[in-house]
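Asks: what's the 3D shape of this:
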Amino acid sequence: MAIRAVLWDVDDTIFDYARADRVGMSAHLTAEGLVDGFASVDQALRRWRELTDLHWRRFEREGGDFQDQRRERVRDFLGSPGLTTAEADDWFGRYVAHYEAAWELFPDALPVLDLLARDYRHAVLSNSSIHAQEPKLRALGVRDRFEAVVCAAELGVAKPAPEAFRAACTALGLPPEQVAYVGDQPDIDARGATEAGLLGVWLDRAGTGGRPELRRITDLHQLPGVLRGDTRFGAPSTFG
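Replies: Numbering: from 1, shown residues only. Sure thing, here's the model as predicted:
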């Protein structure tokens, strides 16, 4: 059955989250006078990313309040378990200001969205919150490209659970077999989508490879060939 729509991951797929996080957190640590508490800015960034992953995984497993996982991340990072809700929110808000100043789409995102606009419908499925992704997509100038923005925090279920992918398909009014999903994580995105009945596509920007069972591209310009069902126009073989 032909693909009629593309579901998109946002962070590190169309939006260069890693760069924005690195630039924003570096500026924030410097402004907060926290750089001396680590051997280097890179070490501080690694710790922040470890805690981001830790608390997000807990949120996926246990649910709860989206803001609370942010507050706990801040408390752990600062080593201040007694930090009040207001203090944690203020600290995170100051970080967000630096982070947002560094927001950028990947260079291939807009050209490919333009190229696919006539032939495919588009929506977002993100393991985040609508309160985080809606403003981001608007600020990046692409919110109007997507019919729907579906996020885990509001769904109550996150990728790679099949229910998350199927809920996004329902938002489009299409069966999973008519929908492709594009994301940067091989298991959470591509494998999860495939197991839910979609065409899962792993965007392997780093050229990591090593997952022959997955449909893999290394640049969004290779996506149209995958959606058409061939790889003659630049998409790497799925066996790589």
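
Asks: what's the helix or strand containing Ala167 in contact with?
Replies: Assignment of secondary structure by DSSP states H and E places Ala167 within helix 162-172. Outside of helix 162-172, the residues within contact range by C-beta atoms under 8 Å, 6 or more residues apart in numbering are 5, 7, 121, 123-125, 127, 147-148, 150, 152, 155, 157-159, 175-176, 179, 181, 192-193, 195-198. Placement of C-beta: from N, CA and C, glycine included.

Asks: how about the strands of the chain, start to end?
Replies: For the chain, strands defined by DSSP state E occupy the ranges 5-8, 121-126, 149-151, 179-183, 199-203, 215-217.

Asks: Check which strands are paired with the first one and give the direction for each one.
Replies: Next to strand 5-8 in the sheet, as set by DSSP bridges, lie strand 121-126 (parallel), strand 179-183 (parallel).

Asks: and the ones you listed, which is most packed in?
Replies: strand 179-183 (a mean of 25; mean count of other C-beta atoms under 10 Å).

Asks: Show me how this structure divides into domains.
Replies: 5-16+105-228, 17-101 (automatic domain parsing).

Asks: Now mean pLDDT too, for these, in TSV please.
Replies: Rendered in TSV, the data for those read as follows (pLDDT from 0 to 100):
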stretch	mean pLDDT
domain 5-16+105-228	97
domain 17-101	89
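
Asks: Most tightly packed of those?
Replies: Ranked by average neighbour count under the criterion mean count of other C-beta under 10 Å, those are headed by domain 5-16+105-228 at a mean of 19.

Asks: now that domain, how far from the centre of its chain.
Replies: Computed by C-alpha atoms, centre = their mean, to the nearest Å, the chain-centroid distance of domain 5-16+105-228 equals 9 Å.

Asks: what distance separates the start and the end of that domain?
Replies: When the termini of domain 5-16+105-228 are compared using C-alpha to C-alpha, to the nearest Å, they are 12 Å apart.

Asks: now for the longest helix seen in the chain, which elements pack on it?
Replies: As assigned by DSSP state H, the longest helix anywhere in the chain is helix 41-62. Judged by 3 or more C-beta pairs under 8 Å, 6 or more residues apart in numbering; DSSP states H and E, helix 41-62 is in contact with helix 17-32, helix 66-78.

Asks: Now tabulate those helices in a markdown table and tack on distance to Ala44.
Replies: Listed next are the helices and strands packed on helix 41-62 as a markdown table, based on distance: least, C-beta to C-beta, whole Å:
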| stretch | distance to Ala44 |
| --- | --- |
| helix 17-32 | 6 |
| helix 66-78 | 8 |
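
Asks: nearest to Leu110, of those?
Replies: Within the helices and strands packed on helix 41-62, the stretch nearest Leu110 is helix 17-32; the backing value is 16.4 Å (C-beta to C-beta).

Asks: Restricting to C-alpha, output the closest one in CSV.
Replies: As requested, the backbone C-alpha atoms of helix 17-32 are provided in CSV (Å, rounded to 0.1, in the frame of the first residue of the first chain):
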residue,chain,number,x,y,z
TYR,A,17,18.8,19.7,19.3
ALA,A,18,22.3,18.5,20.2
ARG,A,19,23.9,21.7,18.9
ALA,A,20,21.3,24.0,20.6
ASP,A,21,21.6,22.1,23.9
ARG,A,22,25.4,22.3,23.8
VAL,A,23,25.6,26.0,22.9
GLY,A,24,22.7,26.9,25.2
MET,A,25,24.0,25.0,28.2
SER,A,26,27.5,26.3,27.7
ALA,A,27,26.3,29.8,27.8
HIS,A,28,24.0,29.1,30.8
LEU,A,29,26.8,27.5,32.9
THR,A,30,29.0,30.4,32.2
ALA,A,31,26.4,32.9,33.2
GLU,A,32,25.5,31.0,36.3
